[in-house]
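>>> sequence unknown, structure follows:
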């Protein structure tokens, strides 16, 4: 026990010695860095507007940007808390697949004769939250790094989803659930309102609850947090549960927007979520970031995708561009010399 | 009000604390001094509640308590102020001050920032720190962080009925002289509210602020003195104990360094913000000591010489060539070897065998036609095991299972295998028992007789003086003194100490 | 420290002695169990199905072993393999046999880039490879607008060295995998790269302080993983007769599982190619066994996901990570 502690202390000591020299003049950079993601988003919008004026049309802004951003935004809300803790959740696609499947199979659909209406989404939300809880329990209880624990659940979730769906698509016929995608309030689709609500909820949790403080405390220095009496295990489990909850909301929107649940409903979501969080400026090393950053990040990613469509660029380039964005964003946000060993 | 009675603590074969008794009276500053390994940090951990003593009693206001964990220790009125490490740099001052105490500021599960910040402002004014509680701690200076720590410790006052004792661990090592003055002013004015235990390496500061001083050595309290009846040099003598006979450091084997071109020469060596203008020449066959307190820059100088922390200015000449060592790889290529302070972390790859560790820096000796020849590798290892008297069942033994002294010899064997002629020994005897230390001293003498050049830092001045030909003293990143230490005419510790603090 | 030492000694000693052999025992038990329940399963014909399935998986797992030994992870192997299948299918008609070395070279370069991104830009490996994997997937989608490419008649002919049965009717992929395994073993035991990888994985600060160029060997390991993934993709393309952007998508999980189930710890340092051979066989037997029993291929993912978490739980060296993120 003690040997371990001393090793950690020394690592810090050594890293600290070497970092101290380089970490001095970063104050201005930090200030500038805080608004960089927003500047990038602004510049991107401006550029797209110049290249194709229809980008700024209300129709495109609502349907091409806001509506497209709804699901990624909700997913990135949960992921933000986990990344601020310095962990990662790779299970998003698996959990979302399970949720979407439950929604589709329990409401009026073309595969069975159930029509439980809103009980479906509720159950899906519960199931996703439970899967998030499972993530947290496996990660904390078995003391396995989160990327491994959630990698496992990613595939377990996908497996469950596909087995039950049997490899086919199940169409959602329930008009109320489909309505989430079409109903408009003040000309803005329901899905966008739900995403805004999710964002406000996440913001409230981040800014105004003890849990929010503890997430930052753990990300800033878990050993210090533990010494100060922060309930680290409970907070970690709760954060993964919360991520599961947000994924549950997203699964409802996904099945409503797509009008069906199929095995590929979650494809690419993980990638997009992590890109959004990271591009927004939340550091993978933990401790710094906000759901507001993730909002900016999500919009950046979605605007870019929208712009590529408007400019007639192949949608297949998108994944490549996202990959490059992750690399650039993380590379720019890493505080050099702060960490001795990166794995 | 806080008394520690007959506390003992043992870690395996090491007796960390032996029958330690200390008492802290109301409105008092108690100084606690001792060399590394004297037991100060174990005592601190016990009082912080993170380590349990094997024997002995802790009393708060006369009642015996068992400090279960850090939370409980705080409830008993014992607060810790670490150098800066217990603050979360990514959070605001207010959030740090109230961490885990947010319950006081919640209404219907939601935090009320305004009240948190107002309370924080009150805490800060008590230590005379004028910063916005909404500032991120990472943006504060080291001195300000120290004050935030102090404010955090004082905030306990409201949460416990027990009298407050604040344990300050090396609070001055990261502070500038002016800030130390401010800290001491605050401590004096806060004596009416709390008592302090003040731990420092700088004996003059301890005397300046304390009312009484406890001296620890080898896990025991060896003296207790009122601060106004004792001098720095007396304290120092008590701290290091009586002079050992000259033979302990093999002074009779201390030869003369070779004349001619130095093996390593530094001119104006600087790492911005850490140390500056360091000049020295290391001759063949010489043992050069670097002395200085924590924060003097000597630790960083060692790491610069091995490529961990490249210099930002000045020149480093190794065997006649001007170099900037950008990585340990380059240092090894230049013929430099390094014995790190932390053997377990940086010294050996603990889960690999003795033989593999010995050839790690120069695998070529064990290769034939670009393929590792395991038989040859084992033969080389066996040779070193015999020559250095390394006690291991065989060359395939995993290093983790060997004793500290034998591990240290394996590190040395590695650099001999790599034919390094310049060796940087960063606390080479740390954590070794007396017998193993003696063997390391023998090896150091043998190496320098053989013409190798050695730079050495050590936990004790005594060891530095005993082993070295020349000693550099560093303070605040500069060299403040140079001493010749030929056999039979060694400088005194007090003379060195005057340049250190 | 002493307490922890003692704790680890008493019950741990026996377990630590047995632990290295558990994968082998598991493999033997699996074979015995199947042999009793379904003797047909062990006929040469069925065995060769298992082995050739294992062979392709092994190429990916072999490369991954080096990365995991260093304490990193490569989440881009499936993307790399799919990408390679597209490249080789595109190249075969125009450059013939040269397509094979070119594809593997491209895989090597892709892997080296992943390593570069991870090491030089200081990005954790699982994110770095997730990103580079995404880039590769994007490129393979772009190549034929998301469609797959058939190898055509001539291409199939050029792949006979992979798909044929040269010796005693054994599918060629099996001896090919053996060659890769021996090559990996050689690299690990007799070269600087193997030695230094082990040292870095077991104690990166100590390896650095011994003057080992940590960055270079890490990047090399990722390069090797990329090359192996590309080779696996080539074999897969040859077997299936086409290249496709999602050809190997199902293989990431079995690949990591094969390495970890074999006993290589994700914390690095402990492990070798031999263990991965055993791990791959276990994974393949379970996979084919489940298919044999009629378990849906996607349901198998549930099993592997769970097995992976369990294997990580057993093999991980927690003394190496003070804070589990």
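Looks like it came in fine. Just so we're clear, the structure is a prediction, and the values are computed from it rather than from any experiment.
>>> alpha carbons only for contacts and neighbour counts from here, please
OK.
>>> in what helix or strand does the closest residue to residue B:292 other than its chain neighbours lie?
Distance criterion CA to CA, 6 or more residues apart in numbering or on different chains; nearest residue to residue B:292, sequence neighbours excluded, is residue B:474 at 4.9 Å. Counting by DSSP states H and E, the element that carries residue B:474 is strand B:470-475.
>>> so what strands line up beside that strand?
strand B:287-291 (parallel), strand B:478-484 (antiparallel) (DSSP bridges).
>>> next secondary structure after the longest one?
I take that to be strand B:478-484. Sequence-wise, the next helix or strand beyond strand B:478-484 is helix B:493-500, with elements assigned using DSSP H and E.
>>> ok, residue A:118 - contacts?
A:107, A:177 (CA atoms under 8 Å, 6 or more residues apart in numbering or on different chains).
>>> again, but for residue B:153
Counted by CA under 8 Å, 6+ apart, residue B:153 has contacts B:79-81, B:166.
>>> now residue B:18, what's its secondary structure?
strand (DSSP: H, G, I helix; E, B strand; the rest coil).
>>> surely it is in contact with residue B:217?
No - in this structure, residue B:18 is not within contact of residue B:217 by CA atoms under 8 Å, at 9.9 Å.
>>> the more surrounded of those two?
More crowded of residue B:18 and residue B:217, by other CA atoms under 10 Å in any protein chain shown: residue B:217, with 22 against 19.
>>> from chain C, how far out is the residue lying closest to the more buried one once chain neighbours are set aside?
Nearest residue to residue B:217, sequence neighbours excluded (CA to CA, 6+ apart): residue B:38, at 4.6 Å. Separation of residue B:38 from chain C (CA to the nearest CA, to the nearest Å) stands at 17 Å.
>>> quick revisit: tell me what the residue nearest to residue B:292 is bridged to.
Going by DSSP bridges, residue B:474 forms beta bridges with residue B:479.
>>> for it, list the residues it contacts.
Contacts of residue B:474 (CA under 8 Å, 6+ apart): B:290-293, B:296-298, B:480-481, B:499-500.
>>> so how far is chain C from it?
Distance from residue B:474 to chain C, by CA to the nearest CA: 24 Å.
>>> next, count neighbours for the residue nearest to residue B:217.
Residues near residue B:38, counting by other CA under 10 Å, number 21.
>>> that one against residue B:221, yeah?
No - with contacts counted by CA under 8 Å, residue B:38 stays clear of residue B:221, the gap being 9.0 Å.
>>> ok, back up a step: and the strand holding residue B:474, average pLDDT?
Across strand B:470-475, pLDDT averages out at 90.
>>> and what of stretch A:83-95?
Per-residue scores along stretch A:83-95 average to 90.
>>> could you do stretch A:298-307 as well?
Stretch A:298-307 shows a mean pLDDT of 88.
>>> where do the helices sit along the stretch 1-150 of chain B?
Along the stretch 1-150 of chain B, counting by DSSP state H, counting those that start in this stretch, helices occupy B:40-48, B:70-75, B:93-97, B:113-126, B:142-155.
>>> ok, the stretch 201-325 of chain C next?
According to DSSP H, counting those that start in this stretch, the helices that the stretch 201-325 of chain C contains are C:204-209, C:214-240, C:252-261, C:273-292, C:299-315.
>>> can I assume residue A:89 sits in a helix?
No - checked against three-state DSSP, residue A:89 lies outside a helix; its state is coil.
>>> which SSE is the residue nearest to it when sequence neighbours are not counted in?
Nearest non-adjacent residue to residue A:89, counting by CA to CA, 6+ apart: residue A:150, 5.7 Å away. Using DSSP H and E, residue A:150 maps to helix A:146-165.
>>> distance check, the residue nearest the centre of chain C against residue C:54.
Central residue of chain C (CA atoms, centre = their mean): residue C:61, 1.2 Å from the mean position. Distance, residue C:61 to residue C:54, using CA to CA, to the nearest Å: 10 Å.
>>> which one (most neighbours) among the contacts of residue B:474?
Going by other CA under 10 Å, residue B:291 tops the contacts of residue B:474 with 30 neighbours.
>>> list the contacts of residue B:437.
Counted by CA under 8 Å, 6+ apart, residue B:437 has contacts B:405, B:429.
>>> repeat that for 6 Å
residue B:429 (CA atoms under 6 Å, 6 or more residues apart in numbering or on different chains).
>>> mind checking how far it is from chain C?
Remark: distance between residue B:437 and chain C (CA to the nearest CA) = 21 Å.
>>> what helix or strand is that residue located in?
With DSSP H and E as the test, residue B:437 turns up in helix B:434-449.
>>> tell me, how many residues neighbour the residue in the stretch 51-200 of chain A that chain B sits nearest to?
Of all residues in the stretch 51-200 of chain A, the one sitting closest to chain B is residue A:84 (10.6 Å; CA to the nearest CA). As a burial measure, residue A:84 scores 27 neighbours (other CA under 10 Å).
>>> thought residue A:286 was touching it, still the case?
Yes - using CA atoms under 6 Å, residue A:84 is in contact with residue A:286, at 4.3 Å.
>>> where do the contact lists of these two overlap?
With CA under 6 Å, 6+ apart, residue A:84 and residue A:286 have common neighbours residue A:219.
>>> returning to that earlier point: look up how far residue B:146 lies from the residue nearest to residue B:217.
25 Å.
>>> likewise residue A:245?
41 Å.
>>> ends of stretch A:55-75, how far apart?
25 Å.
>>> nope, stretch B:183-198 is what I was after
12 Å.
>>> does chain C have contacts with stretch B:343-355?
Yes - Stretch B:343-355 reaches chain C (CA under 6 Å from any CA of the partner chain) through B:346-349.
>>> return the residues of chain A in contact with chain B.
Within chain A, the positions adjacent to chain B are A:21, A:208-209, A:220, A:224, A:230, A:287 by CA under 6 Å from any CA.
>>> now do the stretch 101-250 of chain C
So far as CA under 6 Å from any CA goes, the stretch 101-250 of chain C lies against chain B at C:190-191, C:203, C:205-206, C:209-213.
>>> specify which member of those is nearest to chain A.
After measuring those against chain A - CA to the nearest CA - the closest member comes out as residue C:205, at 7.8 Å.
>>> wait, isn't that closest one in contact with residue B:347?
No - using CA under 6 Å as the test, residue C:205 is too far from residue B:347 to be in contact (8.3 Å).
>>> give me the more crowded residue out of the two.
residue B:347 (25 against 22).
>>> you'd agree the more buried one is up against residue C:206?
Yes - applying CA under 6 Å as the test, residue B:347 and residue C:206 come out as touching, 5.4 Å apart.
>>> now do the closest residue to residue A:169 other than its chain neighbours, the pLDDT please.
With CA to CA, 6+ apart as the measure, residue A:262 is the residue that lies nearest to residue A:169, at 4.3 Å, once sequence neighbours are left out. Model confidence at residue A:262, expressed as pLDDT, equals 81.
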